[in-house]
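S.K.: Predicted model and sequence follow; I will ask about them next.
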Amino acid sequence: MNQRDSSELNRATTDRMRGATAVAAVVVAVAGQVAAAAKAPSFIIMLADDMGWGDWSLTGSPARTPHLEAMSRADTGVWFQRAYSGNPICSPTRASLQTGRTPARSCIYGVEQHILCVEGRGGCSRGEYALGNATRDADANYLSGFYGKWHLGSLSNRGVGSPDCYPKLNDTHCQLGYWEVDDTPNGPGCCFGVDSHLDVAHPLNFGYDEFVATPECAASATTNCGCFFNPSPHNDTPCELGHYHQSPGMAPYNECMQYYAGNLSGPPRTTKSGAPAPPTPGGGTAIEPLTYVSGVDDEKFLVDQVEGLVRRAVAADRPFLAVVCFHGVHIPYVATPETRATYPGMTVNEQDYWGTITQIDAQVGRIRGLLSELGVADSTWVSITADNGPEVNPAGGQGTGNFANPGLTGGLRGRKRDTTEGGTRVIGLVEAPRTLGAKVVSGGRVEPRFPIITSDLLPTVLDALNLPSHNGRHLDGISLLPYLRGESTERPLESAVAIHGSFPFGVTNHQQLPNGSMIYPDTCPPSSNASALGDIPTNFSTPGNVPQVSWAEGNHLKIFGCHTKEGWQFFLYNLTSDRAETTDLWPTQRSTAQGMLARLQAWQTDVLMSQGPSENNCSNHPPPPPPPGPPAPISPVAGMQNIKARCSDANGNHIGTKGGDSPNECGLACQATEGCNFVSFGAGCSSCWMYKSCDPPHPINSGFVYTWSTYHLKRL
């Protein structure tokens, strides 16, 4: 029994009601509860981006998060200290939150790699079933909306001639944030609404009534300030740049990350005024880009949309579902000037980081206050978690220079992209509806052992709505209602918390020394007790052949596996006594570890079955087109190969970025790009950065600090 439970029992003992007046009050209260219980539950599900386990006030960070603290202390609130993201990176976790399944079942291993399956798109023979589908199936009266970062498919692909694209001239490069699209109906274009090469797959495809979303990561301030708002040739609205105003060696950050608004039953709302958008010339569709710049406080802008949905639903006596995926604190994180001013004595970078978290916190408080104001708090689920641990330190990308990343893991091992605790253990707060029988404890509960994961959300919603799994498809998550009602205290062994990772362990979790050099302090070791004992099957593999996996059973034990050139290595940890994962227990608990590994293998076999024809057939999606012929030969510039740097991005020197898996592919991209003479290949991130010249080199590393090799293109 924790201290909060004890204090609640003491209050209950001394606070019993006596007399006829008290009995009458109880009768009235019970009658009200019965009436409320008949009301369908509503749901507000929030997701932060790249927010570490140690990034809020109760885990020791300097961020001020009073509203998150208040939520943890609500009478039906629970702080799950072992809450996990479904993956150590973005898109896969978002898929797990929507579907209740490990993202590998949907063939989603990385970002911008595969859509969330829509029937007939992306090679999928069947679509996935998501949160919006569940509320729609339970009651057509539900009003549902998705707001924020989607990252599970393109939102539009209409091409040149639509508001999504502007024509690309032969001698120009696309504005940062726009994708080059060669085959639009009206010729080459610079387009937004697309997420890389992915097919269209947006929230309306998954049962939501409306959305206001970006297709991928975006700034946490003036999100779409860099957009052109076609057909206007440019947009002069200034961006709030925060600490990126002086990005080292780079022009100020000014990337377009355009919002799109969609409405299933009519024109999308403009969201600025709440009125329907005017008809689009030529007919338009139910999905349109916003044609104005969003507010400086992006968290507030998103919750403006949530408030609109909630007020409309309550006014019409309708239950609601709102999924809010904040852009903060992913790069580029930018707080408002007013919020930065509340963190004196810090660098502007730190003010932006902790200020963005404070702005998320303020919107959590705003949502909870709104529900109380409208009288629906007792019938509404509210939760917040994150998509993975904090970004590596230092970090850059999205057109920004390198800055130290202040994000904290609270002493956990690893960071974003690692399936160790620092990469996947995240904030986990739940305030459960009293109408669903949530256990009431004055001051809330702290749960240090029972693990939860983003894939538990859909099963919980299905349970709350008395719905079975859709068409009997396998769910990897579990309903949390038995725990929240006080009916269970340990996660079932057959419902392990399983997480894959698509990056080699530790390769992006670097540290910068005072002299500017980088070290990688924790990578996968070449041997392990498990391999020395011969306990790892020689044919062990993972779906998608990803190089990391973790498998946690019950409330205590976890095995962690990582792949090296010597093969797979596995380790066993007790997270109750060793949450930093320092002591491998494989030799002393060998039989337990062997059993866990066998169950992991069996589960992975089942995951592969989901990828086949019996479910969505996502593994049979068409292969990418073959690359063109070999590039013109390239030769490294003397002294520049493997300098672990890129060329300077200043003064228009950087003229484009393309995907590429080898120096030769980067050479081909450079050859095909007018003005390109130098190209930097980023091993591990499949990127080619093209430049006019290469003097001087970019300071230290850039992007996510992969190994960079810079080449001079020899045009023969």
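M.R.: Ah, there it is.
S.K.: Might you report the residue contacts of the residue lying closest to A95 once chain neighbours are set aside?
M.R.: Leaving aside its sequence neighbours, A95 sits nearest to P103 (C-beta to C-beta, 6 or more residues apart in numbering; 4.1 Å). C-beta: built from backbone N, CA, C; applies to glycine. P103 is in contact with 86-87, 91-93, 95-96, 109, 500, counting by C-beta atoms under 8 Å, 6 or more residues apart in numbering.
S.K.: how about the residues you listed in TSV, adding neighbour count and pLDDT?
M.R.: Shown next, in TSV, are these (neighbours: other C-beta atoms under 10 Å; pLDDT from 0 to 100):
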residue	neighbour count	pLDDT
G86	34	98
N87	33	98
S91	29	95
P92	32	97
T93	29	98
A95	29	98
S96	30	98
Y109	21	93
H500	25	98
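S.K.: Check the gap between the residue nearest to A95 and I89 for me.
M.R.: 10 Å (C-beta to C-beta, to the nearest Å).
S.K.: List the residues that are in contact with both of these two.
M.R.: With C-beta under 8 Å, 6+ apart, P103 and I89 have no common neighbours.
S.K.: Could you tell me how many residues sit around the residue nearest to P66 when sequence neighbours are not counted?
M.R.: Nearest non-adjacent residue to P66, counting by C-beta to C-beta, 6+ apart: D361, 6.9 Å away. For D361, the count of nearby residues is 24 (other C-beta atoms under 10 Å).
S.K.: same thing with T222?
M.R.: 24.
S.K.: what's the distance between it and I453?
M.R.: Distance from T222 to I453, by C-beta to C-beta: 33 Å.
S.K.: for T223, same thing?
M.R.: For T223, the distance to I453 - C-beta to C-beta - is 28 Å.
S.K.: Among the two, which residue is more densely surrounded?
M.R.: With neighbours defined as other C-beta under 10 Å, T223 and I453 compare such that I453 has more, 32 against 29.
S.K.: can you tell me the average pLDDT over the lengthiest helix in the chain?
M.R.: With secondary structure taken from DSSP state H, the chain has its longest helix at helix 348-373. Throughout helix 348-373, pLDDT has a mean value of 97.
S.K.: Which SSE is immediately downstream of it?
M.R.: strand 380-386 (DSSP states H and E).
S.K.: Could you list the paired strands of that next one along with their orientation?
M.R.: strand 42-48 (parallel), strand 429-431 (antiparallel) (DSSP bridges).
S.K.: can you confirm F301 is in a helix?
M.R.: Yes: counting by DSSP: H, G, I helix; E, B strand; the rest coil, F301 is found in a helix.
S.K.: Quickly find the element holding G396.
M.R.: Residue-wise, G396 maps onto strand 395-397 under DSSP H and E.
S.K.: In contact with the residue nearest to P66, which residues?
M.R.: Counting by C-beta under 8 Å, 6+ apart, D361 has contacts 56, 63-68.
S.K.: In these, find the pair that's most separated.
M.R.: The distance between the two most remote of these (C-beta to C-beta) is 11.5 Å, for A63 and H67.
S.K.: more neighbours, the two?
M.R.: A63 (24 against 19).
S.K.: for the more buried one, phi and psi?
M.R.: phi -70, psi 140 (degrees, to the nearest 10).
S.K.: List the contacts of it.
M.R.: Here A63 is in contact with 55-57, 354, 357-358, 361 (C-beta under 8 Å, 6+ apart).
S.K.: The same query, at a cut-off of 10 Å, please.
M.R.: 51, 54-57, 329, 343, 353-358, 360-361, 406, 408 (C-beta atoms under 10 Å, 6 or more residues apart in numbering).
S.K.: same question, G132
M.R.: With C-beta under 10 Å, 6+ apart, G132 has these contacts: 98, 142, 144-146, 203-211, 264, 321, 323.
S.K.: for D522, same thing?
M.R.: 413-415, 418, 420, 422, 505-506, 509, 511, 581.
S.K.: Where helices are concerned, which of those residues count?
M.R.: Using DSSP H, those in helices are G422.
S.K.: hmm, back to that, same question for the strand holding G396, mean pLDDT?
M.R.: Mean predicted lDDT for strand 395-397 stands at 72.
S.K.: With stretch 290-310 instead?
M.R.: 90.
S.K.: Pull out the buried positions in that stretch.
M.R.: 290-291, 293-310 (16 or more other C-beta atoms under 10 Å).
S.K.: V296 contacts E240, correct?
M.R.: Yes: the pair V296 / E240 is scored as a contact, 4.7 Å apart, by C-beta atoms under 10 Å.
S.K.: Between these two, which contacts overlap?
M.R.: 219-222, 225, 334-337.
S.K.: tally of neighbours for the closest residue to A335 other than its chain neighbours?
M.R.: Residue nearest to A335 in three dimensions, not counting chain neighbours: G355, with 2.9 Å by C-beta to C-beta, 6+ apart. Using other C-beta under 10 Å, the number of residues around G355 comes to 31.
S.K.: which intervals of the stretch 501-650 of the chain have sub-threshold pLDDT?
M.R.: 512, 516, 620-646, 649-650 (pLDDT under 70).
S.K.: Do you have the strands of it handy? List them.
M.R.: 511-512, 518-519, 548-553, 557-564, 567-574, 634-636 (DSSP state E, counting those that start in this stretch).
S.K.: Columns distance to N616 and mean neighbour count on top of those, output as CSV?
M.R.: As requested, the strands of the stretch 501-650 of the chain are exported to CSV (distance: least, C-beta to C-beta, whole Å; neighbours: other C-beta atoms under 10 Å):
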stretch, distance to N616, mean neighbour count
strand 511-512, 41, 15
strand 518-519, 40, 12
strand 548-553, 22, 24
strand 557-564, 26, 23
strand 567-574, 28, 21
strand 634-636, 41, 16
